[in-house]
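In: Sequence and predicted model, in that order:
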Amino acid sequence: MNGPGPGPAEAFDAVVLAGGRSARLGGVPKALLEIAGRTLLERTLDVLDGARRIAVVGPPELAAVLARRPAAEGRLLLTREDPPFAGPAAGIAAGVAALAAPAPAGADDGGQAPLTLLLACDMPGLAGLPQHLLAAVRHHPEAGLWLPVDATGREQQLACCARTSALAAAVAAAGGAAGAGGLSVRKLLAPLAAVHVPLPAAGTTEDIDTWADAARFGIARPAP
């Protein structure tokens, strides 16, 4: 998170969803699965190098992963939806609340960025997507949501960019973190004026839900 960031009009924060029950993985946390020695959470944080601040929504054990990035101290926030496992919309709401909170004393606080990226941590092919979304912002500045679509036309709500003010208003309209529990992400984001953004490459948002998915990325199932 030390590289040159985007211009002021394109400055962004991010919410990374890194919780969930991982039921189809036998409860093994997706965020801690490793590819070439790096966890999926670390790989997701890598692609967010230009973010002003990142709210990671997940369990307390993820703090150990965040501690490996001392240069980003103060810009990485760990939070959790309440109650846990209330769904991704509740996770987004928790992340939005964390980013809106005042920065700790002594932390470099430029205020909230005008844009917020929403990413799930289980998509290993996200490299380049933030820059692709920021380019879409420049081409369609009138929108409130820049929503990727894959080759089949399927929308990718958990790999998108939103205008921070519009996202905060949508979360408030849903009743905040408590009201967003059980709500679909599609419904949470529905009030935002959306522009569809074709994904830059096949597989960009391919996610890991099962051990068969994990095997495609070279992740072995733990021995019983």
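Out: Perfect, thanks for sending it. Residues are numbered from 1 along each chain as shown.

In: what does the helix or strand bottoming out on mean pLDDT in the chain rub up against?
Out: Comparing every helix and strand of the chain by mean pLDDT, DSSP states H and E singles out helix 176-179 as the least confident one, with a mean of 88. With contacts defined as C-beta atoms under 8 Å, 6 or more residues apart in numbering, helix 176-179 is touched by 81-82, 90, 93-94, 97, 171. From N, CA and C alone the C-beta is placed, and that goes for glycine too.

In: okay if I get those as CSV plus secondary structure?
Out: As requested, the contacts of helix 176-179 are arranged in CSV below (DSSP: H, G, I helix; E, B strand; the rest coil):
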residue, secondary structure
81, coil
82, coil
90, helix
93, helix
94, helix
97, helix
171, helix
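
In: hmm, which of those are the buried ones?
Out: 81, 90, 93-94, 97, 171 (16 or more other C-beta atoms under 10 Å).

In: Could I get the pLDDT score of residue 116?
Out: For residue 116, the model assigns a pLDDT of 98.

In: does it count as helix, strand or coil?
Out: The assignment at residue 116 comes out as strand when based on three-state DSSP.

In: From here on, call the first residue 23.
Out: Okay, residue one is now 23; in that scheme the one you just asked about reads as residue 138.

In: quick one: the strands in the chain?
Out: With DSSP state E as the definition, the chain shows strands at residue ranges 34-39, 56-57, 60-61, 76-79, 98-101, 137-142, 167-171, 181-185, 216-220.

In: With mean neighbour count and distance to residue 207 added, can I get the ones you listed in a markdown table?
Out: Below are those laid out as a markdown table (neighbours: other C-beta atoms under 10 Å; distance: least, C-beta to C-beta, whole Å):
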| stretch | mean neighbour count | distance to residue 207 |
| --- | --- | --- |
| strand 34-39 | 27 | 9 |
| strand 56-57 | 15 | 25 |
| strand 60-61 | 18 | 23 |
| strand 76-79 | 26 | 13 |
| strand 98-101 | 21 | 17 |
| strand 137-142 | 26 | 8 |
| strand 167-171 | 21 | 11 |
| strand 181-185 | 25 | 9 |
| strand 216-220 | 17 | 12 |
